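Participant: Let me see the structure of the following:
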Amino acid sequence: MADPFAVTNQAPPLRGVNFFTRDTALGDALRPYAGESGAITSDAGLQRIGELAGSEEARAHALPANQNPPVLRTHDRYGHRVDEVDFHPSWHWLMEQAVGFGLQAAPWTSDRPSPHLTRAAGFYLWSQVEPGHGCPISMTYAAVPALKADERLAKEWIPQLASTEYDVRRLPAAEKNGVLAGMGMTEKQGGSDVRANLTTATPAGADGEYRLHGHKWFCSAPQVDVFLVLAQAPDGLSCFVVPRVLADGNRNPFALQRLKDKLGNRSNASSEVEFHGTVGYRLGDEGAGVRTIIEMVAATRLDCVLGSSALQRRALVEAIWHTRHRSAFGGLLADKPAMQNVLADLAIESEAATALGMRLAAAVDASLAGNEQEAAFRRIGLPLAKFWVCKRTPFMVAEALECLGGNGYVEESGLPLLYRESPLNSIWEGSGTVNALDVLRALRRPESLDAWLLEVGAAQGADARLDAAVNDVLQALADLGNAEAGARRLAAQMALCLQASLLIRHSTPAVADAFVAARLANDWGGVFGTLPRTTPFEQIVARAIG
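Facilitator: Numbers count the residues shown, from 1 in each chain. Coordinates of the predicted model:
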């Protein structure tokens, strides 16, 4: 008789898997933009990130960083304001690795080929470990293009932001080995409508110095060294560089009111902050705040796409790993046709997200090199991808969690962490509706529609179902002036066409056919696991994890 207390039929921990070398879909997503040498597909740095991301060491830090959220200290024992945030050691370990890999801002000063594409792949891989600490990494990356609006401020801050040394000391930036950046845009009364901001900025001397008075409802990563902040100057909404410590060593007034108690993203600190005569340095012209900070928003939106793609990928890998080791009803779960359909459906969703994210990262490199066509594609592709990939992620992660059954619902599995995180990127840097409306704004520029048509048209004739879907989009665009009510539907259709075109050109016929059938030809039942019965499920799942 079997021992009723013996532990059997449980999946072993997922460890010792190189997240880069085992991700065939990522390799295929990178290859079209890798140049003649194709070096990025075997990049040693990405291999190191992938190896550490899949290690037991990394897994051992992910859950503690979330189970021990940051703690705010507003005052010291004597009553002096300190406005500091304390983090668990695992948070600092995660940050040290990310900065050491150069995921924060190193691409902006790199002379290597395709630095932003390489960084995107690294950010996608490392975000699979623990997504919360990606916020200050992303903010730092995104601050650089905005800082370039002022040559003096760029020279002062960019080299420090691009440093690969993680330095948490509270010192003037010039005395540190590296610094990190955050952002303060939204306020209580306006949210995404930043033109309703009430925080004021009063000129206070030479060199663009101002004094800020007001608040921010969401201040990202309040523990970092410098922030880009929007405030109302005499000539309108403007952008300001706000250091945490001034050059003379004194702390800039930066009163943290509380940390947000959030659904997910619990390892990361998001705060409410008040400015009382806070020193800021104008970045760009007065009244041009949105135009100045928009490049920061664009860069963080790309990271939202990459971060959501990472959540999808990690959830997929956990689902496949579990079902390959768990038996039920006389055999492995992974061998059951119904489960194979679910896993294959999750796999094509994840691959489509990855392909679109890497395509947009390649567009960053190309647009910075002066390619106007790629700049136009990035302009419309970012809100499309941000809307669709981030919207799909909660559904995808929930389905992957269900593959583990009750084991997936307990914290030790890591799936609840992924699930709580999954809605975040759809809210941050513009909600779904904001991004759908940004698609409409982009479409009012003819070059944006031309760029989208050129990209999806690269697969023209390869699949009649995609051709028909593109025609449907063009018909919907006939009445663009009255399109706001249908903005989400249009954004979804355009994003799906982009993903289908990329998979047709760069993935396998099995993946592309299943994706087009389910997402464009409506040959599915509205939930994951309803692909056509003729789909080669095993082939698609085997490709997903090898």
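Participant: Check the burial of the closest residue to Glu84 other than its chain neighbours by counting its neighbours.
Facilitator: The shortest distance from Glu84 to any residue other than its chain neighbours is 4.9 Å, reached at Arg73 (C-beta to C-beta, 6 or more residues apart in numbering). C-beta: built from backbone N, CA, C; applies to glycine. Arg73: 12 surrounding residues under other C-beta atoms under 10 Å.
Participant: buried ones in the particular helix or strand that has Arg73 in it?
Facilitator: The secondary structure element spanning Arg73 is strand 71-75 (assigned by DSSP states H and E). Applying a neighbour-count criterion of 16 or more other C-beta atoms under 10 Å, the buried positions in strand 71-75 are Leu72.
Participant: Can you tell me which helices and strands it packs against?
Facilitator: Using 3 or more C-beta pairs under 8 Å, 6 or more residues apart in numbering; DSSP states H and E as the contact definition, the elements that strand 71-75 packs against are strand 81-86, strand 255-259.
Participant: contacting residues around the longest one?
Facilitator: Applying C-beta atoms under 8 Å, 6 or more residues apart in numbering, the external contacts of strand 81-86 come out as 70-76, 170, 222-223, 251, 254-256, 259, 269, 271.
Participant: want to throw the helices and strands packed on strand 71-75 into JSON lines with distance to Cys497, mean neighbour count and mean pLDDT?
Facilitator: Below are these laid out as JSON lines (distance: least, C-beta to C-beta, whole Å; neighbours: other C-beta atoms under 10 Å; pLDDT from 0 to 100):
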{"stretch": "strand 81-86", "distance to Cys497": "43", "mean neighbour count": "16", "mean pLDDT": "96"}
{"stretch": "strand 255-259", "distance to Cys497": "41", "mean neighbour count": "16", "mean pLDDT": "97"}
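Participant: Please produce TSV containing those, extended by distance to Leu63.
Facilitator: Formatted as TSV, the helices and strands packed on strand 71-75 follow (distance: least, C-beta to C-beta, whole Å):
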stretch	distance to Leu63
strand 81-86	18
strand 255-259	20
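Participant: Select, out of those, the one closest to Trp157.
Facilitator: Judged by C-beta to C-beta, the one of the helices and strands packed on strand 71-75 that comes nearest to Trp157 is strand 81-86, at 21.0 Å.
Participant: what's the neighbour count on Val434?
Facilitator: Using other C-beta under 10 Å, Val434 has 17 other residues around it.
Participant: Hmm, it is touching Ser192, no?
Facilitator: Yes - using C-beta atoms under 8 Å as the test, Val434 is close enough to Ser192 to be in contact (5.3 Å).
Participant: Find the nearest non-adjacent residue to Asp235, please.
Facilitator: By the measure of C-beta to C-beta, 6+ apart, the closest residue to Asp235 outside its immediate chain neighbours is Glu286, 3.8 Å from it.
Participant: For my notes, confirm the one you found occurs in a helix.
Facilitator: No - following the definition DSSP: H, G, I helix; E, B strand; the rest coil, Glu286 is coil and is not counted among the residues of a helix.
Participant: That one is in contact with Phe240, isn't it?
Facilitator: No - because the distance of 10.4 Å does not satisfy C-beta under 8 Å, Glu286 is recorded as not touching Phe240.
Participant: These two - which one has more neighbours?
Facilitator: Relative neighbour count places Phe240 above the other of Glu286 and Phe240, with 28 against 18, counting by other C-beta under 10 Å.
Participant: ok so the more buried one is a strand residue?
Facilitator: Yes - if the criterion is three-state DSSP, then Phe240 is within a strand.
Participant: which helices and strands does the helix or strand where Leu125 lies pack with?
Facilitator: Counting by DSSP H and E, the secondary-structure element that holds Leu125 is helix 115-126. Helix 115-126 sits against helix 24-30, helix 44-53, helix 134-147, helix 289-325, helix 337-368, with contacts defined as 3+ C-beta pairs under 8 Å, 6+ apart.
Participant: can I have that helix written out in CSV, keeping just the CAs?
Facilitator: Extracted in CSV, the C-alpha atoms of helix 115-126 (Å, rounded to 0.1, in the frame of the first residue of the first chain):
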residue,chain,number,x,y,z
PRO,A,115,21.9,49.2,-28.0
HIS,A,116,18.2,49.8,-27.3
LEU,A,117,17.1,46.5,-28.8
THR,A,118,19.7,44.7,-26.8
ARG,A,119,18.6,46.5,-23.7
ALA,A,120,14.9,45.7,-24.5
ALA,A,121,15.8,42.0,-24.6
GLY,A,122,17.6,42.3,-21.3
PHE,A,123,14.8,44.2,-19.6
TYR,A,124,12.3,41.6,-20.9
LEU,A,125,14.5,38.8,-19.5
TRP,A,126,15.2,40.3,-16.1
